[in-house]
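Colleague: Please find the sequence and the predicted model below.
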Amino acid sequence: MTTLGNLTLKEKDEIETKFDKALGTIQCFLDPTCKEIARGRLTAKDVRKTLKDQLEGQEYYTNIYLLTLLYTTKLEEGSLDVDGYVKSMEAIWRRLNDVNLKLPEEFVVLMTLMGLPPSFETQRRILESRKDLPMEIFKKELRRESLRLKAEQAQQPKDI
């Protein structure tokens, strides 16, 4: 077994780089409410231990944060990136599932519908009136509406 004292400078740099990458990865994936806890820690192991010590048993707080995120995420008016919007909503849904807060697909579809801008109002009403709306059909309908709105925008004369 090699100790740190026996390592060359290059080997020490490689190890430090690996630790820095691990620490950076942890900090990138932290819930924004937890980033302050990780700030100032020297190694990924320190961050993990501090997070475990301070957050153990506080999953409820994360659930509230994620539910708030699910409720407040919106597609901006003028943006037709429905794929990105739906992916972000699905990512939040997966994170909720990861913390054992299982929400039905219909609820996530409804929350996604609520976040659509006024330009999608007609499509929203059509989709809300459907009795059964699986996520895959919902995504196809949103893409179709996005393409229709893009074509409509392209036909409008540009102001000079």
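Modeller: Here it is on my side, so go on.
Colleague: Identify the residues contacting the closest residue to residue 142 other than its chain neighbours.
Modeller: Closest residue in space to residue 142, ignoring its immediate chain neighbours: residue 82 at 4.4 Å, by CB to CB, 6 or more residues apart in numbering. Any C-beta I mention is one placed from the backbone N, CA and C, and that applies to glycine too. Counting by CB atoms under 8 Å, 6 or more residues apart in numbering, residue 82 touches 75, 139, 142, 143, 145, 146.
Colleague: The fifth one - nearest residue in space that isn't next to it in sequence?
Modeller: With CB to CB, 6+ apart as the criterion, residue 145 has its nearest non-adjacent residue at 4.2 Å, and that residue is residue 123.
Colleague: Kindly report the domain assignment for the protein.
Modeller: 8-55, 59-155 (automatic domain parsing).
Colleague: Considering the ones you listed, which stretch scores lowest in mean pLDDT?
Modeller: Lowest mean pLDDT within the domains of the chain: domain 8-55, a mean of 64.
Colleague: Show the subsequent helix or strand relative to the helix or strand where residue 91 lies.
Modeller: Following DSSP states H and E, one finds residue 91 within helix 82-98. Where DSSP H and E defines the elements, the next helix or strand beyond helix 82-98 is helix 105-114.
Colleague: What residues of the helix or strand just after that following helix count as buried?
Modeller: Next helix or strand after helix 105-114 toward the C-terminus (DSSP H and E): helix 121-128. Using 16 or more other CB atoms under 10 Å as the test for burial, helix 121-128 gives 123, 124, 127.
Colleague: and which of these is nearest residue 103?
Modeller: Residue 103 has its nearest neighbour among the buried residues of helix 121-128 in residue 127, at 18.2 Å by CB to CB.
Colleague: how near is the residue nearest to residue 142 to residue 102?
Modeller: 25 Å (CB to CB, to the nearest Å).
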